[in-house]
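K.L.:
next come a sequence and a model predicted from it.
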Amino acid sequence: MIGTCVALVVSLSQTAVSAADHGEGAKCAVPTQRVQCGSLTCVNDTCAHCNVSVADQCYETAMECNPASHECVIGHLNAKLGTFIAAATIVIVCSVAAVAGVGGGAILVSVFVPALGIPVMNAVAFSQATITGQSLFNVFVLARRFHPDYQPPQPTRPVINWTILAFWLPISLVGTLYGNLAGKVVPDWFRMAALLLLLTYILYRVVLRVIKQRAADKARLLQREEAAAAKTAAVSVSTYGSTNHAAPPVQPPPASPQFPLVPILLVCAAFFPLFIVNIIRSRVVRCGSPVYWVLIVLITLYEFALTLGYRQHLARAHHAIAMGSEDAEKVPFEWNKYSSIIFPILSSIAGGAAALLGIGGGLVLSFLLLEAKLVPQEASATSAMFTLLVAAESALQFVVQGNVPYDYGLLCFGCGIVSTCIGQFVFVKKIKEKGWSFLIVVALATIMSGSMIGTIALGIYNTVVIVQSGGSLGFGELCKA
């Protein structure tokens, strides 16, 4: 993973160096001017500052020429039909996504682009603002809930698995950093193709998980009915003077704190330093300068150090548990080479996908958490916390870079909160009443299927437009002049 990061830094460094020879005056095409010209427009096949007196010079319908800087920016929020379509889509999609603890960002991006008339990069940024609002309220609700197998009056355990969160999060946030960098370079067709490949594989594995979980739910409900019948029979025998003695009660496992201090401190230690570095590299230092790349390398090494350090701590705790000198709640998930090595590395893909493709990261993380043998309720809640932190880190990067106007940002954020209310207080409540845990995995599969359909449709449309107009399908530049 470190080798991949270094290779990407070298590649982007070369791109940044070449960018010094481009920018204003570079060759371009109108439909691909965002990739080739950045905030400039394309006039006579060359990148140039826009002219306020010329209408429709900025390609996307929501873009307009800023009279002060003569650059293309997103105009103010309006009450057009597309705005209402976007808001309705947020509420519908994110209410289902909240059940699974994911964001549904891929669907949002595929709707935001045509409905709002914005570039894909800004659609990704708006998606992250939406998911931040949705997951923020989702986590507020879930943080007070207990693991389904550790409910009062027995000793309790939080439904959010803070230990695995603190373990996987730092490397996931590294993914948001490199996904953000790559997002400035890759063309739209590349985003769509990468998202489609990712979702196809994960959807296949999730469908298999739905089948297994549905069978497990049926078996659990049958076992519950049999236990209730046995209890009724035991009471009946006792009533008629049976001398049988009840079995001694099973000693319950020790309780875990609802908000464990060490994992939460590690989460903060991973989140805030990266946020500060992103502000510095976006607002203080020059893009592509030596200081710019030194900051990126240092924060990458720092996040990896957090991951490796906590892994060593968990490995020692797991050994102590095996020897019987520690309680099992010290490592509240199945410890093996997948959950301790492979899945943390793969979680960086979730962070990269969040910043590059507009998803909240939960689509990948939910799948990994289920593979790590967390029960659906626990996987959903932990994924929601992951989604909040990954989406917030990515959204804050976009806000600092000026890709999220405040009016659009507030609309997306507010609709995200409304969708969580519907998901948690209507859908999740009904699932809990029926005992159908498999529907949580069904919600995940539904969001993935919708994401694939939206991605294919938008990808084909954009590619056809670019080819017909003679636009470029090539990569752009990281640091546009």
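P.N.:
Looks like it arrived, so ask away.

K.L.:
end-to-end on stretch 355-364?
P.N.:
With Cα to Cα, to the nearest Å as the measure, stretch 355-364 spans 13 Å from end to end.

K.L.:
what's the model's confidence in it, averaged?
P.N.:
Averaging pLDDT along stretch 355-364 gives 67.

K.L.:
Cys50 contacts Cys37, correct?
P.N.:
No - using Cβ atoms under 8 Å, Cys50 makes no contact with Cys37, being 9.9 Å away. Placement of C-beta: from N, CA and C, glycine included.

K.L.:
of the two, who's got more company?
P.N.:
Cys37 (31 against 24; other Cβ atoms under 10 Å).

K.L.:
confidence score at Thr176?
P.N.:
We have a pLDDT of 85 for Thr176.

K.L.:
count the neighbours of it for me.
P.N.:
30.

K.L.:
for Ile92, same thing?
P.N.:
15.

K.L.:
can you name the element that comes right after the host helix or strand of it?
P.N.:
Using DSSP states H and E, Ile92 sits in helix 81-100. Going down the chain from helix 81-100, the next helix or strand is helix 105-112, by DSSP H and E.

K.L.:
chain center to the next helix or strand along the chain from that following helix: distance?
P.N.:
Downstream of helix 105-112, the first helix or strand assigned by DSSP H and E is helix 120-142. Mean-position distance between helix 120-142 and its chain equals 9 Å (Cα atoms, centre = their mean, to the nearest Å).

K.L.:
and helix 120-142, what does it pack against?
P.N.:
Contacts defined by 3 or more Cβ pairs under 8 Å, 6 or more residues apart in numbering; DSSP states H and E place helix 120-142 against helix 81-100, helix 105-112, helix 188-239, helix 343-357, helix 376-400, helix 406-422.

K.L.:
between that helix and helix 105-112, how many degrees?
P.N.:
130 degrees (axes from the mean of the first three to the mean of the last three Cα atoms, to 10 degrees).

K.L.:
return helix 120-142 as CSV; C-alpha atoms alone will do.
P.N.:
Provided in CSV are the C-alpha atoms of helix 120-142 (Å, rounded to 0.1, in the frame of the first residue of the first chain):
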residue,chain,number,x,y,z
VAL,A,120,-19.3,15.6,-12.0
MET,A,121,-16.7,16.9,-9.6
ASN,A,122,-19.2,19.2,-8.0
ALA,A,123,-21.8,16.5,-8.0
VAL,A,124,-19.3,14.3,-6.0
ALA,A,125,-18.9,17.2,-3.6
PHE,A,126,-22.6,17.7,-3.2
SER,A,127,-23.0,14.0,-2.6
GLN,A,128,-20.5,14.1,0.2
ALA,A,129,-22.3,17.0,1.8
THR,A,130,-25.6,15.1,1.6
ILE,A,131,-24.1,11.9,3.1
THR,A,132,-22.5,13.9,5.9
GLY,A,133,-25.9,15.3,7.0
GLN,A,134,-27.5,11.9,6.6
SER,A,135,-24.9,9.9,8.5
LEU,A,136,-24.5,12.6,11.2
PHE,A,137,-28.1,12.2,12.4
ASN,A,138,-27.9,8.5,11.8
VAL,A,139,-24.9,8.2,14.1
PHE,A,140,-26.6,10.4,16.7
VAL,A,141,-29.5,7.9,16.8
LEU,A,142,-27.3,4.7,16.7
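
K.L.:
could you list the buried residues of that helix?
P.N.:
Neighbour counts over helix 120-142 (16 or more other Cβ atoms under 10 Å) mark 120-139, 141-142 as buried.

K.L.:
do me a favour and average the pLDDT over it.
P.N.:
Helix 120-142 comes out at a mean pLDDT of 87.

K.L.:
coming back round to it: mind listing what's buried in the helix holding Ile92?
P.N.:
Across helix 81-100, burial judged by 16+ other Cβ under 10 Å covers 82-83, 86-87, 89-91, 93-100.

K.L.:
and which of the residues you listed is nearest Ala457?
P.N.:
Nearest to Ala457 among these, counting by Cβ to Cβ, is Thr89 at 13.6 Å.

K.L.:
from Leu108, how far off is the closest one?
P.N.:
From Thr89 across to Leu108, the span is 7 Å (Cβ to Cβ, to the nearest Å).

K.L.:
lowest pLDDT pick from the buried residues of helix 81-100?
P.N.:
Among these, pLDDT bottoms out at Ala100, giving 78.

K.L.:
state the distance from it to Gln134.
P.N.:
For Ala100, the distance to Gln134 (Cβ to Cβ) stands at 12 Å.

K.L.:
and if you look at Tyr310?
P.N.:
Distance of Tyr310 to Gln134, computed by Cβ to Cβ: 28 Å.

K.L.:
how about Leu308?
P.N.:
32 Å.

K.L.:
low pLDDT regions in the protein?
P.N.:
Along the chain, segments meeting pLDDT under 70 span 1-23, 231-255, 357-363, 469-472, 480-481.

K.L.:
recalculate using a threshold of 50.
P.N.:
Regions of the chain meeting the criterion pLDDT under 50 cover residues 1-22, 239-251, 481.

K.L.:
closest to Val418 out of the buried residues of helix 81-100?
P.N.:
Closest to Val418, out of all of these and judged by Cβ to Cβ, is Val91, at 5.7 Å.

K.L.:
number of nearby residues for the residue nearest to that closest one when sequence neighbours are not counted?
P.N.:
Closest residue in space to Val91, ignoring its immediate chain neighbours: Ser419 at 4.8 Å, by Cβ to Cβ, 6 or more residues apart in numbering. The number of residues packed near Ser419 is 26, by other Cβ under 10 Å.

K.L.:
next: Val43.
P.N.:
Neighbours of Val43 under the rule other Cβ under 10 Å: 17.

K.L.:
which residues touch it?
P.N.:
50, 57 (Cβ atoms under 8 Å, 6 or more residues apart in numbering).

K.L.:
Ala166 versus that one, what's the distance?
P.N.:
Remark: distance between Val43 and Ala166 (Cβ to Cβ) = 51 Å.

K.L.:
chain center to the host helix or strand of Gly459, what's the gap?
P.N.:
Element membership of Gly459, judged by DSSP H and E, is helix 438-469. Offset of helix 438-469 from its chain centre (Cα atoms, centre = their mean): 16 Å.
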